[in-house]
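>>> Based on what follows, work out the 3D shape:
(one chain, ligands or ions: 1)
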Amino acid sequence: MWITNCRPWGGNLSDVEITNGSISAVRPAAGRASDAQDSIVEGNGRLLLPTFADVHVHLDSTRLGLPFRPHTGGPGVWTMMQNDRQNWRDAEVSITERVDLAMSMMIARGTTRMRSFAQVDADAGLERLEAVVAGREKHTARADVQIIAFPQAGLLREAGSAEILEDALRAGADVVGGIDPCTLDRDPAKHLDIVFGLAEKHHKPIDIHLHEPGALGRFSADLIIERTKALSMQGNVLISHGYACGKAPKPKLPTS
Ligand SMILES: [Zn+2]
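Reported below is the predicted structural model:
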């Protein structure tokens, strides 16, 4: 197959040859004749890029493609989560259809690698996770999807939360999630011990939402790093958002 008259990475007009699914040649555009229509894709001078990756998407919390709905949540993670609980089942279409619609729109626009959160908690159980798993299965030929079991309601505030998180790992989640261990659960060591304990037990990577500000957020980040090193999980632990890390004071560099 040839993709003709395209600009790889915005470079010069080129013809790109694909053999067995891989790029085998890139040549200056030669105005190739259309004698083999079925194996030529006309690039029309457009950009040629690798497919996009969305590494932080909440496929179970989307209203893409649905009518506008005013924001009714209050401030803070807990209040917004409560608001979501009251409303997520009552959207115009089911959660499974919303996941499917969002994925279809993403794929149509070139995003074929996704890392999606799926909320698991005492209210939703595995319902939202199952919707994202169903979406992954439906689009398996078109997109690579990793799913993070996301305990948005914390792990210590409601009975059974840790058990549901573990159930999610058995039900198709690829990654163990966590969230704001100080401000939400108010017991960072206990929260992180559950998250890292499950990761170790099930051999899964970790992705933790950290919205905590300033010194508190950096304290949580330190605890995460400490556990990452203790379990030799370097390269398998991600802090999402991590605003506090971006605002950390610059380390003092040696002057000579
Ligand atoms: Zn998020």
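
>>> For the rest of this, base every contact and every neighbour count on C-alpha atoms.
Fine.

>>> Now Gly235: phi and psi?
Backbone torsions of Gly235, given as degrees, to the nearest 10, read phi 90, psi -10.

>>> Can you name the residues in contact with the biggest strand by length in the chain?
Across the chain, the longest stretch assigned as strand under DSSP state E is strand 111-119. Here strand 111-119 makes contact (CA atoms under 8 Å, 6 or more residues apart in numbering) with 51-60, 106, 128-129, 132, 142-152.

>>> Residues in contact with stretch 72-91: which ones?
Under CA under 8 Å, 6+ apart, the answer for stretch 72-91 is 61, 95, 123, 152-153, 184.

>>> ok, and what's touching stretch 157-165?
Outside stretch 157-165, the residues that touch it by CA under 8 Å, 6+ apart are 120-122, 125-126, 149-151, 154-156, 176, 185, 194.

>>> Can you show me the helices along the stretch 51-200 of the chain?
77-87, 95-108, 127-138, 161-170, 188-202 (DSSP state H, counting those that start in this stretch).

>>> Could you double-check that Arg98 lies in contact with Glu92?
No - when contacts are counted by CA atoms under 8 Å, Arg98 is not listed as touching Glu92 (9.2 Å).

>>> And these two? Which one has more around it.
Arg98 (24 against 12; other CA atoms under 10 Å).

>>> List the contacts of the more buried one.
Neighbours of Arg98 in contact, by CA under 8 Å, 6+ apart: 59-60, 62-64.

>>> Tell me the buried residues within those residues.
For the contacts of Arg98, a burial check counting by 16 or more other CA atoms under 10 Å picks out 59-60, 63.

>>> Figure out which of the helices of the stretch 51-200 of the chain is closest to Gly21.
Gly21 lies closest to helix 95-108 among the helices of the stretch 51-200 of the chain, at 18.1 Å (CA to CA).

>>> Report the angle between that closest one and helix 127-138.
Per axes from the mean of the first three to the mean of the last three CA atoms, to 10 degrees, the angle that helix 95-108 makes with helix 127-138 is 40 degrees.

>>> what comes up buried for helix 95-108?
So for helix 95-108, counting by 16+ other CA under 10 Å, buried means 95-104, 106-107.

>>> Also stretch 210-218?
210-214, 217-218.

>>> Got the domain ranges for this structure?
Domain segmentation of the chain under automatic domain parsing yields 2-48, 52-246.

>>> need those in a markdown table with distance to Thr255 and mean pLDDT, can you?
Shown next, in a markdown table, are the domains of the chain (distance: least, CA to CA, whole Å; pLDDT from 0 to 100):
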| stretch | distance to Thr255 | mean pLDDT |
| --- | --- | --- |
| domain 2-48 | 39 | 88 |
| domain 52-246 | 23 | 96 |
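
>>> quick one, which of those is nearest to Leu253?
domain 52-246 (17.5 Å).

>>> Any idea how far apart the tips of that closest one sit?
24 Å (CA to CA, to the nearest Å).

>>> Next: stretch 80-96.
For stretch 80-96, the end-to-end distance is 21 Å (CA to CA).

>>> Need the max-distance pair from the contacts of stretch 72-91.
Going by CA to CA, the pair spanning the contacts of stretch 72-91 furthest: Ile95 and Leu184, at 25.6 Å.

>>> are any of the contacts of stretch 72-91 buried, and which?
61, 95, 152-153, 184.

>>> ok now do the closest residue to Thr183 other than its chain neighbours, which residues does it touch?
Leaving out its chain neighbours, the residue that sits closest to Thr183 by CA to CA, 6 or more residues apart in numbering is Glu212, at 6.9 Å. Residues near Glu212 by CA under 8 Å, 6+ apart: 180, 182-183, 242-244.

>>> now do 7 Å
180, 183, 244 (CA atoms under 7 Å, 6 or more residues apart in numbering).

>>> Just give me the closest of those residues to Cys6.
Distances from Cys6 to the contacts of Glu212, taken by CA to CA, are shortest for Ala244, at 41.8 Å.
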